[in-house]
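Trainee: Got a predicted structure here, sequence first:
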Amino acid sequence: MAKIPNNVGLLALLQTQWTIWKINRMAQKVPSLNPRDCPLGHYWDSITLKSWLDQNVRFDKLKLMIEGAVRVIMGV
């Protein structure tokens with residue numbers, strides 16, 4: 001059973017779910033067989049994680065959580 005973190009507020013939890021949905025919607029636009037055919041690929045490749053988070057995420061704790069997840073996933 002997943003536990004709800006107790007160090008963030010309800011609005012941050014709602015934005016966490018919204019951010020997950022947004023990332024999943026973005027991923028669905030990338031063709032799995034040929035990612036270079038993604039119409040927004042060049043734009044998405046030109047922005048940094050920090051600039052994307054600044055534009056799309058309001059809560060600092062959520063930004064830190066996403067940055068940490070990306071570091072773990074990407075191995076950096």
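Mentor: Nice, I can see it. Numbers count the residues shown, from 1 in each chain.
Trainee: contacts and neighbour counts: CA atoms only from here.
Mentor: Will do.
Trainee: what is the mean pLDDT for stretch 63-71?
Mentor: In this model, stretch 63-71 carries a mean pLDDT of 89.
Trainee: same deal with stretch 47-54?
Mentor: 95.
Trainee: From residue 72, how far out is the spatially most central residue of the chain?
Mentor: The chain has residue 23 as the residue nearest its centroid, 5.1 Å off, counting by Cα atoms, centre = their mean. For residue 23, the distance to residue 72 (Cα to Cα, to the nearest Å) stands at 17 Å.
Trainee: Also residue 8?
Mentor: 21 Å.
Trainee: cool, residue 51 as well?
Mentor: Here residue 51 is placed at a distance of 19 Å from residue 72 (Cα to Cα).
Trainee: just residue 9 next, same as before
Mentor: Residue 9 sits 24 Å away from residue 72, going by Cα to Cα.
Trainee: Could you give the average pLDDT over the longest helix along the chain?
Mentor: Scanning the chain for the helix with the most residues, using DSSP state H, yields helix 10-28. The pLDDT scores in helix 10-28 average 92.
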